Structures are given as structure tokens and as C-alpha cells.
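Enquirer: For reference, the sequence and a predicted model appear below.
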Amino acid sequence: MPKIYFSLSEANEMIQKIKPLLNNVTTLREELNLLDNTKIEFEDEKVENYLLEVELNKSFHEKNLKLYQIIEELIKLGCIVKNIDEMEIDFYSRLQNREITFCWSPGEEKIFYWHYPHEEKKMRRPIREIESTYFETLKKLR
């Protein structure tokens, strides 16, 4: 599957589209954490107890499957899911014939930062740098 490249406005529009998916990811992660931290000890060897344990394990794996199905959907939409725990999302773009990524995290109203692919989060730069470069390019075209 080829990479999908976004303009800044397209990436900001995609954020609105993926917010419900990210809410589902958050809910599933909370449920998985709860199930993963639930420990059952039986006082007797009733069949019902073993069935309960099987049901809990099935629920855990079903939720895990749903989580990864959502992540798969995000990737197919062009999102780069960098960190499931913090839900860091990147979007491929281009700047002066170089590949870059816009970076966004839930809680941010829009994209405020960008970086080159494979750079760490701490290397991100303010989006206003790109905006000023874009406007300088437009001035040169006039």
C-alpha cells in the first residue's frame, strides 16, 4: 500500500474524522487494562469457575482484536500510529521535495508540529516554520 501524503489542511480535516476511532481505542485500552489486571483465585474446582476464566480470557482477546482492527483502519486512512499508549499520530507530507510528517496527539485541537520521518518526538518543530516557508514560496511565484 503506498503512503498517503496530506496537506496541512487535509491532515487537520482527517483529525476530525479519526477522533471517534481514537475514543474507541482509549475505551478499549482501559477495558484491556482492567481485564489484564483482574486475577481470579478459586476456592473450589467448579466447572463454572473455569468457564468464567475462559470468558474473561475471550473478552480480553476480542477487545485486543478490536483495538488492532481500529489501528489497521487508521493506517489505511493514512495515519502513522507512533505510540498506542499516548496515541501519537503522524501524517506524511512533503516540504520542498522532502518527506516530512505532521504530528498530532489527542487533546490538541489541530496540528501544531512537524518533523522529519524517524525523528523522535522531541525533535518536532513548530508548524509556523512550514507556514512561513509556504508563504515565502508563494511570494517568489508572483
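Expert: Structure received. Since the model is a prediction, treat every value here as computed from it, not as a measurement.

Enquirer: mind listing the helices for the chain?
Expert: Taking DSSP state H, the helices of the chain run over residues 8-36, 47-76, 128-141.

Enquirer: which of those sits most buried?
Expert: helix 8-36 (a mean of 15; mean count of other CB atoms under 10 Å). Heads up, the C-betas are built off the backbone N, CA and C, glycines and all.

Enquirer: how big is the angle separating that helix from helix 47-76?
Expert: Computed by axes from the mean of the first three to the mean of the last three CA atoms, to 10 degrees, the angle separating helix 8-36 from helix 47-76 equals 170 degrees.

Enquirer: and helix 8-36, what does it pack onto?
Expert: In this structure, helix 8-36 packs against helix 47-76, strand 88-95, strand 98-104, with contacts taken as 3 or more CB pairs under 8 Å, 6 or more residues apart in numbering; DSSP states H and E.

Enquirer: any idea of the angle that helix forms with strand 98-104?
Expert: Computed with the same axes, to 10 degrees, the direction of helix 8-36 lies at 50 degrees from that of strand 98-104.

Enquirer: from the middle of its chain, how far away would helix 8-36 be?
Expert: Offset of helix 8-36 from its chain centre (CA atoms, centre = their mean, to the nearest Å): 7 Å.

Enquirer: Now tell me which helix or strand of this structure has the poorest mean pLDDT.
Expert: helix 128-141 (a mean of 65; mean pLDDT, DSSP states H and E).

Enquirer: Good, wrapping up.
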